[in-house]
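A.B. asks: the following block contains a protein sequence and its predicted model.
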Amino acid sequence: MALGLQSPWQVNDISFSANESPRKELHLHIGFVRGSRFPDETGIACPVHDTVERAWQHLNFFEHHCFLHCHVPRIKTTEGNVVTVNVPWSRPGSGFTLLFEAFAMALIEREMPVNRVAELVGVNPQRVWAVFNHWVGQAREADDPSAITQLGVDETSSRKGHKYVTLGVDLETSRVIHACEGKGKETLKTIGQHLESKGVGKEQITQLSMDLSPAFIAGAAESFPTAAITFDRFHVVKLLNEAMDKVRRVERIEHEALKGHKYTFLRNRQNLSDEQEKALAEMITLYPSLGQAYRLKVLFNDLWEMPDKVAATTFLTRWCAEVEEAKIPAFMAFSKTVRSHWSGIIHFVESRLTNGILEGINSKVQLAKRRARGYRNMGNFINMIYFLCGKLKFNYPLYFT
């Protein structure tokens, strides 16, 4: 009953090894009723040809390891082939029972690193990774992204300063639908090919959110030619803040009073303390070029509240003209970037898409990466991303949820 066995399967013998070794083991020997027949692929009951001995690790019996043993029947099919019967307590090719695998997956789901899971259940980490990758792969095969119309693209790294992975995210359901190695043009092609393999044509993607990477832009034009591009607001603001900080650093060379005030100029004004607010007011008055740059920075962010494309275009045209008059090198360079990405920046006021969802996903991935102290195997890393952020449906026994 505990194993959930049904006829013709039965428990033939139970033994408990209690030798001098500190590791004691429970061994359950399973058999089948003599004369039993088993169905082949067509459902026809076939006689047993012979048996082959197999063993599987099961859930622990108290603190002791438990193993199932069985002389698994091989049947002769109606076509004359000899095949091994699939046992109900394990999937083909696995050395673990389904309940053991479900327990390992439940531990990973509860944010335990795979190496720690392997240590806890007493097996080699590679065997746990094999179990993990099997179930993620199976869930990926069954995954259905057919409703996607809004795609977000961003990259993350497997280890600090190491290989990159590009994420393709369904922005409406906030889940990763595909991840692949690299961060160049080819990654968008790979995402497009995956979607096509799932019945999603490139024309179905009507909105695409991404950063200002030239490689992503070229990949989008080739792989999703009909999608309207929105350049991620937060990446644009990041470039704006970098321009602001360049101005501050130039002034800092001559004015010691600016030391330690990097974030006084970068944070939103409403987030400053009273002391920082007072210091900011003094500095933008004492240092005119810094004050002018700060005014342009604050003014630019009004773009995101524009009601429509016409208003946004008028506003941004005027802002770029003011930058030309101010002749601040860092802001002139930023203005040039804005002009070269004009339509994708302006389109934000219509689509209201950002990569904020991807940033949230990336934070979850980075947390898992820190727990695991980085990933050397890119396949394992990508499957962990699917597991954490793909909202996949798994069909292993869910007795531990």
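C.D. replies: Looks like it arrived, so ask away.

A.B. asks: got the contact list for Asp50?
C.D. replies: Residues near Asp50 by C-beta atoms under 8 Å, 6 or more residues apart in numbering: 73-74, 82. Glycine gets a C-beta too; all of them are placed from N, C-alpha and C.

A.B. asks: can you tell me which of these are in helices?
C.D. replies: Among the contacts of Asp50, no member is found in helices (DSSP state H).

A.B. asks: these, buried ones only, as a ChimeraX selection?
C.D. replies: Buried residues within these, by 16 or more other C-beta atoms under 10 Å, are selected in ChimeraX with:
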select :73,74
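
A.B. asks: dump the contacts of Asp50 into TSV; add pLDDT and distance to Pro307 as well.
C.D. replies: Shown next, in TSV, are the contacts of Asp50 (pLDDT from 0 to 100; distance: C-beta to C-beta, whole Å):
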residue	pLDDT	distance to Pro307
Pro73	96	73
Arg74	96	73
Val82	94	73
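
A.B. asks: which one of the contacts of Asp50 sits closest to Ser158?
C.D. replies: Nearest to Ser158 out of the contacts of Asp50 is Arg74 (C-beta to C-beta; 42.9 Å).

A.B. asks: strands along the protein, start to end?
C.D. replies: Under the criterion DSSP state E, the chain contains strands at 9-17, 25-32, 37-39, 45-61, 64-76, 82-84, 150-157, 164-170, 175-181, 207-210, 228-231.

A.B. asks: identify the residue spatially nearest to Arg248, adjacent ones excluded.
C.D. replies: Ranked by C-beta to C-beta, 6 or more residues apart in numbering and with sequence neighbours excluded, the top spatial neighbour of Arg248 is Phe265, at 5.4 Å.

A.B. asks: my read is that the one you found contacts Leu280, right?
C.D. replies: Yes. Using C-beta atoms under 8 Å, Phe265 is in contact with Leu280, at 7.2 Å.

A.B. asks: need the overlap of contacts for those two.
C.D. replies: What both Phe265 and Leu280 touch, as defined by C-beta under 8 Å, 6+ apart, is the set Tyr294.

A.B. asks: those two - which one has more neighbours?
C.D. replies: More crowded of Phe265 and Leu280, by other C-beta atoms under 10 Å: Phe265, with 22 against 19.

A.B. asks: the more buried one and Glu251, how far apart?
C.D. replies: 10 Å (C-beta to C-beta, to the nearest Å).

A.B. asks: do Pro73 as well
C.D. replies: Taking C-beta to C-beta, one finds Pro73 at 83 Å from Glu251.

A.B. asks: domain map for this protein?
C.D. replies: Using automatic domain parsing, the domain parsing of the chain gives 9-139, 233-351.

A.B. asks: end to end, how far does the last one reach?
C.D. replies: Right, the one you point to is domain 233-351. 11 Å (C-alpha to C-alpha, to the nearest Å).

A.B. asks: would you agree Glu53 is in contact with Arg74?
C.D. replies: No. With contacts counted by C-beta under 8 Å, Glu53 stays clear of Arg74, the gap being 11.4 Å.

A.B. asks: for the stretch 251-400 of the chain, what spans make up the helices?
C.D. replies: 262-266, 274-286, 288-300, 309-326, 329-340, 342-346, 348-351, 356-372, 378-389 (DSSP state H, counting those that start in this stretch).

A.B. asks: tell me the most buried of these?
C.D. replies: helix 378-389 (a mean of 21; mean count of other C-beta atoms under 10 Å).

A.B. asks: for the closest residue to Ile284 other than its chain neighbours, give me its contacts.
C.D. replies: In this structure, Ile284 finds its nearest non-sequential neighbour in Gly291, 3.5 Å apart by C-beta to C-beta, 6+ apart. Residues near Gly291 by C-beta under 8 Å, 6+ apart: 283-285.

A.B. asks: over to Ser157?
C.D. replies: 163-165 are the contacts of Ser157 under C-beta under 8 Å, 6+ apart.

A.B. asks: any idea what it is bridged to?
C.D. replies: Beta-bridge pairing for Ser157 (DSSP bridges): Tyr164.

A.B. asks: then Ser209?
C.D. replies: Beta-bridge partners, per DSSP bridges, of Ser209: Gly152, Thr230.

A.B. asks: ok, how many other residues are close to Lys183?
C.D. replies: 19.

A.B. asks: roughly how far apart are it and Ile217?
C.D. replies: 13 Å.

A.B. asks: ok, and what's touching the helix or strand of the chain with the lowest mean pLDDT?
C.D. replies: Here the helix or strand of the chain ranked lowest by mean pLDDT, DSSP states H and E is helix 262-266, holding a mean of 81. Contact with helix 262-266 is made by 241, 244-245, 248, 272, 276, 279-280, 283, 290, 294, 297, as judged by C-beta under 8 Å, 6+ apart.

A.B. asks: where is pLDDT lowest across the residues you listed?
C.D. replies: In terms of pLDDT, the lowest of these is Leu272, showing 76.

A.B. asks: quick one: the helices in the stretch 101-250 of the chain?
C.D. replies: 114-121, 125-142, 185-197, 214-223, 233-254.

A.B. asks: quick one: the residue nearest to Lys297 when sequence neighbours are not counted and Lys262, what's the gap?
C.D. replies: Computed as C-beta to C-beta, 6+ apart, the closest residue to Lys297 that is not its neighbour in sequence is Met244, at 4.8 Å. As for Met244, its distance to Lys262 is 10 Å (criterion: C-beta to C-beta).

A.B. asks: which sections of the chain are below the confidence cut-off?
C.D. replies: Within the chain, the segments meeting pLDDT under 70 span 19-22, 159-162, 398-401.

A.B. asks: can you rerun that using 50?
C.D. replies: Confidence mapping of the chain against pLDDT under 50 gives the ranges 400-401.

A.B. asks: which residues does the residue lying closest to Leu290 once chain neighbours are set aside contact?
C.D. replies: Spatial nearest neighbour of Leu290, excluding adjacent residues (C-beta to C-beta, 6+ apart): Glu251 at 5.1 Å. Residues in contact with Glu251 (C-beta under 8 Å, 6+ apart) are 258, 287, 289-290.
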